[in-house]
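Asker: Sequence and predicted structure are below.
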Amino acid sequence: MSRNARLAMFGLAGAGAAVMFVVAVIAMPHFGATHHPYRDAALPAAVRHATANVVSSVNFDLRAFDTLGEETILLASVIGVAVLLRPAEDETERQPLGRGRTLELTRLMGYVFLPVTVMIGFITVAHGALTPGGGFQGGVVLGTGIHLLYVAGSYRALERVRPERALEGGEALGAGAFACFGVAGAFAAAAFLGNLLPLGTFGDLFSSGSVLLLSTAVGVEVASGVIVLLAQFLRQALQVREETQE
Amino acid sequence: MTALIAVALSLVALGAVVVVMTDDPARQAVTLSVFGLLMAALFLTLSAPDVALSQIGVGTAIVPLMVMLAIRKIRSRR
């Protein structure tokens, strides 16, 4: 396609998108107004399924299918990064040099906040159906929290507590479990990703039916995915060298 | 509440300008991280704590870390 044809195509598509965007914004409920049609539909649906955190109800119940798509995007991205960043033929992996220079205070803070952050991650995943948070948020906290070990100056300790092969499995397991729960829902509730579990009492830890199950699956996938993703970057930055350089 | 939203929104705009005006990519990773925190504050004032949590994790921790590691790798090749 020639440059002019590409420009014309972009102009057409850009103008179309701009017009649609403006029309959509004009038709939106006004900022800060009391008219919320989406809320009025989502709130009763969340209460019906005993899910205190309406956002989790939206993510894992009302539009769980979208979440399946998002999780698949994450899975594909992590696989893509792992493929792209694997050591090439002219690169060698070597043990990173020992501890770098780390401020005493940084190291202290790293070790103090490591257990706190990991605990917050687990709490955020477990209470996703009750309070703000859920599988994605908790998974990200877990996946990044563990890297406080690296911030604290010990890459080797991070390598030891980070079983990469197992986490690669964990990522696949989380993503696969989500899809399997979806198929199971199709048989048990006559709808893909339909509710599988008893709904429980509104506000209890084990309430909200499938929301907790799906949220936990996402938590496993995201936590593993983030660690595997950052592991590729860390390996390339710290361990892989081109042979010609040596 | 509206005043708080206005303050958070202004800080986000200011932070975005600072990120764009930062020349060195390594420093940019740090300003980006601060910008992510400001975005999280904005989401919180707009009563979206779930989004604020994701924003803190992804925008202030993972993305800047990935940028820093990528820069380190690129510089070691030179």
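Answerer: Received the coordinates, thanks. Numbering: from 1, shown residues only, chains lettered A, B, ... in the order given.

Asker: how about the residues of chain B that lie near chain A?
Answerer: Residues of chain B lying close to chain A by C-beta under 8 Å from any C-beta of the partner chain are B:2, B:48-50, B:52-54, B:57-58, B:61-62, B:65-66, B:69-70, B:72-73, B:76-77. (Glycine included, C-beta is placed from N, CA and C.)

Asker: is it true that residue B:45 touches residue B:6?
Answerer: No: using C-beta atoms under 8 Å, residue B:45 is not in contact with residue B:6; the gap is 9.3 Å.

Asker: ChimeraX command to pick out the buried ones of the residues of chain B next to chain A?
Answerer: Typed into ChimeraX, the line below selects the buried ones among the residues of chain B next to chain A, using 16 or more other C-beta atoms under 10 Å in any protein chain shown:
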select /B:48,49,50,52,53,54,57,58,61,62,65,66,69,70,73
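
Asker: burial measure for residue A:8, as a count.
Answerer: Residues within reach of residue A:8, counting by other C-beta atoms under 10 Å in any protein chain shown, total 12.

Asker: Look up how far residue A:169 lies from it.
Answerer: Relative to residue A:169, residue A:8 is positioned 49 Å away (C-beta to C-beta, to the nearest Å).

Asker: What of residue A:68?
Answerer: To residue A:169, residue A:68 is 19 Å away according to C-beta to C-beta.

Asker: ok, now residue B:40?
Answerer: For residue B:40, the distance to residue A:169 equals 32 Å [C-beta to C-beta].

Asker: ok, those two, which is more surrounded?
Answerer: Each of residue B:40 and residue A:169 has its neighbours counted (other C-beta under 10 Å); residue B:40 has more, 23 against 12.

Asker: any chance you could map the helices in the chain?
Answerer: Chain wasn't specified; assuming chain A. According to DSSP state H, chain A carries its helices in the segments A:3-27, A:37-48, A:54-57, A:64-84, A:104-126, A:135-145, A:148-151, A:155-160, A:164-188, A:210-238.

Asker: wait, chain B
Answerer: In chain B, the helices defined using DSSP H lie at B:2-21, B:25-45, B:49-55, B:63-77.

Asker: is it possible to export the ones you listed to a markdown table including mean pLDDT and distance to residue A:136?
Answerer: What follows is the helices of chain B, written out as a markdown table (pLDDT from 0 to 100; distance: least, C-beta to C-beta, whole Å):
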| stretch | mean pLDDT | distance to residue A:136 |
| --- | --- | --- |
| helix B:2-21 | 94 | 22 |
| helix B:25-45 | 94 | 14 |
| helix B:49-55 | 93 | 6 |
| helix B:63-77 | 89 | 15 |
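
Asker: Deepest in the core, which of these is it.
Answerer: Using mean count of other C-beta atoms under 10 Å in any protein chain shown, the stretch among the helices of chain B with the largest mean neighbour count is helix B:49-55, at a mean of 20.
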